[in-house]
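S.K.: 3D model of this:
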Amino acid sequence: MLVADIDTDMISPGHSGKKTPEEAAFAPMRYRADGSDDPAFVLNQTPFRGAPILLASENFGCGSSRETAVWALRALGIRCVIAVSFGDIFFQNCFPNGVLPIVCAPETVTALAAEAATGDPVEVDLQTMVIRSPRGRRIAFTLDPTRRRQLLEGLDDIDATLLLAGRIDAFQQADRIRRPWIHDVGPGPARS
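M.R.: Prediction:
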C-alpha cells in the first residue's frame, strides 16, 4: 500500500457504517459504493488478502489519535507494518496493541514491494530484528528494547510498567528519605 499520508480516518473511519473493526478497516478504499469489495484495493486481491505484513509509504497512520486504527489492522490480521515513516501517535499505539511498526528507507520499502508483488512472502523476525525479503535479502531493523520486549511478551503499557515495580519502589523509598515533605500528605484543611 505505497500511498503517502494514509491517515487514521482512512484506516478506521468512524462514519463507514461498518459494525466491526475488521469491516471498517480501510472502508473508503476497500469497498465500492454498493458495499462490495473493490478489486483494485490491494488487500482485496488474492495474494494479499489476509497478509500479516503491510508495506506502506510515508506518514502511515497520520491524523487523529484514534487507537481504533490499530485495532482495525489487527482485525484484518496485520501484525506488522513496514513503512517509510509513521504518524507519531499511531506508531506509539501499535506496541500495546501487538502490532510491530518498522521504519525503513524509501528504497528498501519499494524494493520489498517489488519482490512481494506476486504474493511471495516478506518475513519479519522480531527475535533477531531482521526482515527477510522474498529473494532472501536480510534487512536489519532497530527497535526500542522495551517496546521489543513488550511485543515479544504480549505486554500492554501497564504490564510493561509493572515490570519496573522494584525500581519504582526503590525510588519512592529513597525519595521519602530525600524529600519527606512531599510524601507527608495526610488529612488537613481543604485547599483551593
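
S.K.: quick one: mean pLDDT for stretch 48-66?
M.R.: Confidence over stretch 48-66 (mean pLDDT, whole number) is 93.

S.K.: what residues of that stretch count as buried?
M.R.: By neighbour count with 16 or more other C-beta atoms under 10 Å, stretch 48-66 contains the buried residues 48, 51, 53-63, 66. All C-beta atoms are positioned from the backbone trio N, CA, C, and that covers glycine.

S.K.: next one: stretch 20-31
M.R.: Pro21, Ala24, Ala25, Phe26, Ala27, Met29, Arg30, Tyr31.

S.K.: for stretch 133-153, same thing?
M.R.: Residues of stretch 133-153 classed as buried: Ser133, Pro134, Ile139, Phe141, Leu143, Arg147, Arg148, Gln150, Leu151 (neighbour count, 16+ other C-beta under 10 Å).

S.K.: which residues touch the nearest residue to Asp5 once chain neighbours are set aside?
M.R.: The shortest distance from Asp5 to any non-neighbouring residue, by C-beta to C-beta, 6 or more residues apart in numbering, is to Asn59 (4.8 Å). Applying C-beta atoms under 8 Å, 6 or more residues apart in numbering, one finds that Asn59 lies in contact with Ala4, Asp5, Ile6, Val84, Ser85, Phe86, Gly87.

S.K.: reformat those as a markdown table; add distance to Val103, pLDDT and neighbour count.
M.R.: Putting these into a markdown table (distance: C-beta to C-beta, whole Å; pLDDT from 0 to 100; neighbours: other C-beta atoms under 10 Å) gives the following:
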| residue | distance to Val103 | pLDDT | neighbour count |
| --- | --- | --- | --- |
| Ala4 | 14 | 95 | 13 |
| Asp5 | 16 | 96 | 13 |
| Ile6 | 15 | 95 | 25 |
| Val84 | 7 | 98 | 20 |
| Ser85 | 6 | 98 | 18 |
| Phe86 | 7 | 97 | 21 |
| Gly87 | 12 | 96 | 21 |
